[in-house]
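Q: Need a 3D model of the sequence below.
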Amino acid sequence: MKRKFIRVLSVLCTLVVIACAFAPTAAAVSFTNNVATKSESILLVNTDTGQTVYEKEADTKRYPASTTKIMTYIVVIENVDDIENTRVTIKKAVLDKLKGTGSSVANLEAHIGKTMSVKDLLYSMMVPSGNDAAMTLADYVGGGSIDKFVDMMNEKAKELGLKNTHFKNPDGLHDEDHYTTARDMYTMAAYALKLPHFQEITNTTEYYCEGDDEPLTTTNYLIDEWRGGDYYYMYANGIKTGTTDQAGRCLVTSASADGYSYLLVLLKAPYKEGVDEEYYTFTDAANLFRWALTSLELNTVASTKTPVCEQKVKLSWGKDSVLLVPEKNFSAIVPSDYQEKWITVETNVPDEVNAPLDTDTVVGTATIYYQDDKMTEKQKLATVNLVPSEKVELSGFLYVLDVIGTIMKSYWFLVAVGVIVVILVIYYITSKINRKKAKAEKRVKHYRNL
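A: Numbers count the residues shown, from 1 in each chain. From the prediction side, this is the model:
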């Protein structure tokens, strides 16, 4: 029953993610800022509106490292009935696959031959980024086949519409054919955040598995006030770190403050094993969150009370045009020093429309663009429907005249007229010939009478 609920929830989550992706609301505007970032791929999205506010190489393929485990979590949670009471045997053969890989682990070797709950294994995978937990879960859900589990990951990626993502393992160890993009990773994370326990687990800094004396501790210093030091950011929540030589440092995280929420993906920040250098993903994240939370705000950029254009109208007596306004008020995240002159609108409406028109009749669309003084080109904010600002009644008399005119201009009417003309011409010619014949016969009879 619980699995059925989770599957139904997963379907709903998929629909929500797809709907958000194609909804006619906020689009992607990468606002200029003074944040110096080291991550090569960045995507920062306001999750209240679904609007992208900053991006850099968001569609470039990158290696995801352990952020892969977000998809591993998705597949596990959607295929296990009860994570608290389902127990998994820890197999030495599975853990041995990680020997020599330099993997981060959650010390599952201490549990070999024993069982652990799926819940403890999920914490072991997401909090300290245990590859041993990821492999154990993949082996269990895949029915003894990790390759089968990876196939399930790729199927889920297709279901979510991830066009630039492919998995080769459940833990994120480097493989040339294991890749994603910042935009695809955002979609994965946004989906996972709607699934059971994900937020709770990924925002945990310390966790004790059943029977353990030592806690699992997070790899995410951004959310760990005690271990994070200067990297700690009080408004951050979760989600997952990842690091390999080839992937660099990676981070998926979120933050909320003052009624605003953001989800951030950072891929390929500088990293070299053995070199003591800064955790650039944490500094990039904190700086970008500070900028977004202090410099951006929600503002109404298209109002139902402000006309966008004027539309010609036919078939209405005494009214040949009507003003068009947005169907709904449209608000977007914009800089707090936003000026109306930075907004431009391009309309897509027909040359004219016929009455009757109501205030909810969609006549066309308007595309809203943003370009401030620092931008070299305008960027699309949204496309909204346009409706009349008032009702326009139909004139019955003009409607009848229009119908008559339409009929008279129609193809079949012209064909019918042509046929009638031809028939009349034939009738005229035939009549004329018959009259001539009648006259000739009359002359012949007259001569015979003589």
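Q: Point out where this protein drops to low pLDDT.
A: For the chain, the stretches with pLDDT under 70 are 1-27, 275-276, 395-414, 416-417, 440-450.
Q: helix or strand right after the host helix or strand of residue 200?
A: Element membership for residue 200 (DSSP states H and E) is helix 198-202. Following the chain from helix 198-202 toward its C-terminal end, the next helix or strand by DSSP H and E is strand 206-207.
Q: partner strands of that next one, parallel or antiparallel?
A: When pairing is defined by DSSP bridges, strand 206-207 lines up against strand 216-217 (antiparallel).
Q: what's next to the partner strand, contact-wise?
A: Outside strand 216-217, the residues that touch it by CB atoms under 8 Å, 6 or more residues apart in numbering are 106, 123-124, 127-128, 130, 205-209, 224, 227. No exception for glycine: its C-beta is placed from N, CA and C like everyone else's.
Q: just the helices in this structure please.
A: For the chain, helices defined by DSSP state H occupy the ranges 2-22, 69-77, 92-96, 118-126, 131-141, 146-159, 182-192, 198-202, 225-228, 280-295, 396-409, 411-449.
Q: Centre of the chain to the third one, how far?
A: From the chain centre to the centre of helix 92-96 is a distance of 39 Å (CA atoms, centre = their mean, to the nearest Å).
Q: And the second one, by the same measure?
A: Once both centres are worked out by CA atoms, centre = their mean, helix 69-77 turns out to sit 20 Å from its chain's centre.
Q: Buried residues, that helix. List them.
A: The neighbour-count check on helix 69-77 (16 or more other CB atoms under 10 Å) flags 69-77 as buried.
Q: In a markdown table, list those along with distance to residue 421.
A: A markdown table is the format used below for these (distance: CB to CB, whole Å):
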| residue | distance to residue 421 |
| --- | --- |
| 69 | 80 |
| 70 | 75 |
| 71 | 73 |
| 72 | 78 |
| 73 | 78 |
| 74 | 73 |
| 75 | 74 |
| 76 | 79 |
| 77 | 77 |
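Q: Please report phi then psi for the residue lying closest to residue 342 once chain neighbours are set aside.
A: Nearest residue to residue 342, sequence neighbours excluded (CB to CB, 6 or more residues apart in numbering): residue 372, at 4.7 Å. Taking degrees, to the nearest 10, you get phi -90, psi -180 for the backbone angles of residue 372.
Q: my read: residue 372 touches residue 340, true?
A: No - at 11.4 Å, residue 372 does not count as touching residue 340 under the criterion of CB atoms under 8 Å.
Q: more neighbours, these two?
A: residue 372 (18 against 8; other CB atoms under 10 Å).
Q: residues contacting the more buried one?
A: Residue 372 touches 31-32, 335, 339, 342, counting by CB under 8 Å, 6+ apart.
Q: got it, and residue 386?
A: Taking CB under 8 Å, 6+ apart, we find residue 386 in contact with 308-309, 324-327, 347, 349, 362-366.
Q: and with 10 Å instead?
A: 302, 307-309, 311, 323-327, 345, 347-349, 361-366 (CB atoms under 10 Å, 6 or more residues apart in numbering).
Q: Residues in a beta bridge with the residue lying closest to it once chain neighbours are set aside, which ones?
A: Distances taken as CB to CB, 6+ apart put residue 324 closest to residue 386, at 4.2 Å, once the chain neighbours are dropped. Beta-bridge pairing for residue 324 (DSSP bridges): residue 309, residue 388.
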